[in-house]
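Asker: Have a look; sequence and predicted model below, questions after that.
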Amino acid sequence: MIRVFTSKVLDEALTPAERTALIQDFKQYKTGVLPALFRKDVPYDHPLNLDIIKQEQVRHIHLAENGTGFPILTAQFKRTSDTHLVYCRGFTSENCYLLMAILKPNAHDLAKSNQLMYKLGLMAQAFRQQF
């Protein structure tokens, strides 16, 4: 069974209805159903990314902007955007996930902020130590 947790940061950024919808979409995604709002899913594995981000296997899903989905026939790896859902998987509990933050606008630029990414790395580390 997939378990999804959300960070305080994400809880404060979303309404309860938005949070519930995001969790439902994420669970569907992890069971093989691609929600219309989800795009490309990639790790932060660029050589310039902080080590803690790579060690804690922090990833991001490109999200459709303004609530618009993608045509069904568009391949997931071609679905890019500048809004990212940052998440990680548990270390020992591989069916546990932490949705950490939504980076927007200019998610690609925000991901270059070592200060921001270090905080996300610490959040992932704490989660992965527990799960």
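Answerer: Here it is on my side, so go on.
Asker: Wasn't Cys88 part of a strand?
Answerer: Yes - judged by DSSP: H, G, I helix; E, B strand; the rest coil, Cys88 forms part of a strand.
Asker: What pLDDT is listed against it?
Answerer: Cys88 is assigned a predicted lDDT (pLDDT) of 98.
Asker: Now the helix or strand of the chain with the lowest mean pLDDT: buried residues?
Answerer: In the chain, no helix or strand scores lower on mean pLDDT, DSSP states H and E than helix 107-110, which sits at a mean of 87. Neighbour counts over helix 107-110 (16 or more other Cβ atoms under 10 Å) mark 107, 110 as buried. Placement of C-beta: from N, CA and C, glycine included.
Asker: In three-state terms, label Ala21 for me.
Answerer: Three-state assignment for Ala21 (three-state DSSP): helix.
Asker: if we can go back for a sec, can you list contacts of the least confident helix or strand of the chain?
Answerer: Outside of helix 107-110, the residues within contact range by Cβ atoms under 8 Å, 6 or more residues apart in numbering are 60, 62, 81-84, 103-104, 116.
Asker: Of those residues, which count as buried by neighbour count?
Answerer: The neighbour-count test (16+ other Cβ under 10 Å) marks 60, 62, 81, 83-84, 103 as buried among these.
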